[in-house]
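Q: Sequence and predicted structure below; questions after.
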Amino acid sequence: MMNFLVKTIANAGALAVAVWLLDKITLTGDSTGKKVGTLLLVALIFGLVNVVVKPVLQLLSLPLLILTLGLFTLIVNALMLLLTSWLADKLDLSFHVEGFWTAVLGGLIISIVSWALNVVLPEKD
């Protein structure tokens, strides 16, 4: 349970960095508390999408992953971010990713920041 919480907080931090760096990834809210709550919910959605949908998509795109020496992973990450944005919109959360190339760059930023945070944060169950 602790590991899940740490990963969700790392995802929230990575999403916050992407929102801060990219103008076309938006997170709106009336107060800082509401933004933090929305960010944590979006991080939870993003984590669930990555656990459930991403492995299936990677398996289906395995030939492309091999052909591009793994660079197609950037496209898979972008699709996961766009799916998270779509689900957040359906759940009436104020998180939006505008455009595919913004999602590619956002996915790259989120991957790098999540990796760095997971290296620093403890991993306990």
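A: Structure's in. What do you need?
Q: Show the contacting residues for residue 66.
A: Residues counted as contacts of residue 66 (C-beta atoms under 8 Å, 6 or more residues apart in numbering): none. (C-beta placed from N, C-alpha, C; glycine too.)
Q: and if you look at the one 3 residues further on?
A: With contacts defined as C-beta under 8 Å, 6+ apart, residue 69 has no neighbours.
Q: Ok, residue 118 next?
A: 6-7, 10.
Q: What ranges does the protein have for its strands?
A: Per DSSP state E, the chain carries strands over the ranges 25-27, 95-97.
Q: just the ones you listed: most buried one?
A: strand 95-97 (a mean of 21; mean count of other C-beta atoms under 10 Å).
Q: packing partners for that one?
A: strand 25-27, helix 32-60, helix 72-90 (3 or more C-beta pairs under 8 Å, 6 or more residues apart in numbering; DSSP states H and E).
Q: Turn the ones you listed into a markdown table, including mean pLDDT and distance to residue 111.
A: A markdown table is the format used below for these (pLDDT from 0 to 100; distance: least, C-beta to C-beta, whole Å):
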| stretch | mean pLDDT | distance to residue 111 |
| --- | --- | --- |
| strand 25-27 | 94 | 14 |
| helix 32-60 | 93 | 10 |
| helix 72-90 | 95 | 6 |
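Q: Export the ones you listed to JSON lines and append columns for distance to residue 15.
A: Shown next, in JSON lines, are the helices and strands packed on strand 95-97 (distance: least, C-beta to C-beta, whole Å):
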{"stretch": "strand 25-27", "distance to residue 15": "8"}
{"stretch": "helix 32-60", "distance to residue 15": "6"}
{"stretch": "helix 72-90", "distance to residue 15": "9"}
